[in-house]
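Student: Predicted model and sequence below, questions to follow.
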Amino acid sequence: MEITLTPDYCCGGGHCGPMPGYFYECPHCGTETQARTGFELEEGDELKCCLCKESIKAIKKKSNFKFEFSLD
């Protein structure tokens, strides 16, 4: 499943790190949600929905914010 992520730079105050997370539509619950990472997403990393707590795993990076995910 291909998902385009929207980066979440938080408040911009610098205390969250350079890229604290991403917004995306969770394929499990169908809701726009966010996942906090603290780092840039790479292949093999997981995002966990803050609402339903289900995870998706990035299996292939297609561009900076577009990944192919597997449902875990």
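Tutor: Perfect, thanks for sending it.

Student: Identify the residue nearest the geometric centre of the protein.
Tutor: The centre of the chain sits closest to residue 22, judged by C-alpha atoms, centre = their mean, with a distance of 4.3 Å.

Student: dump the residue contacts of that residue.
Tutor: By C-beta atoms under 8 Å, 6 or more residues apart in numbering, the contact list for residue 22 reads 5, 6, 7, 8, 34, 35, 37, 41, 47, 65. Placement of C-beta: from N, CA and C, glycine included.

Student: can you count the residues close to the fifth one?
Tutor: Here the neighbour count serves as a burial measure; for residue 34 (other C-beta atoms under 10 Å) it reads 18.

Student: burial of the nearest residue to it once chain neighbours are set aside, as a residue count?
Tutor: The shortest distance from residue 34 to any non-neighbouring residue, by C-beta to C-beta, 6 or more residues apart in numbering, is to residue 23 (4.9 Å). Using other C-beta under 10 Å, residue 23 is surrounded by 12 other residues.

Student: before we move on, which element is residue 23 in?
Tutor: strand 21-25 (DSSP states H and E).

Student: So in that sheet, which strands flank that strand, and in what orientation?
Tutor: Listed by DSSP bridges, the sheet partners of strand 21-25 and their directions read strand 6-8 (antiparallel), strand 32-36 (antiparallel).

Student: I figured residue 49 was touching residue 32, is that so?
Tutor: No - the criterion here is C-beta atoms under 8 Å, and residue 49 misses it with residue 32 at 10.3 Å.

Student: When those two are compared, which one has more neighbours?
Tutor: Remark: of residue 49 and residue 32, residue 49 carries more neighbours, 19 against 11, as counted by other C-beta under 10 Å.

Student: got a list of what the closest residue to the more buried one other than its chain neighbours touches?
Tutor: Nearest residue to residue 49, sequence neighbours excluded (C-beta to C-beta, 6+ apart): residue 26, at 4.3 Å. Listed by C-beta under 8 Å, 6+ apart, the contact set of residue 26 reads 32, 33, 49, 51, 52, 54, 56.

Student: Good, wrapping up.
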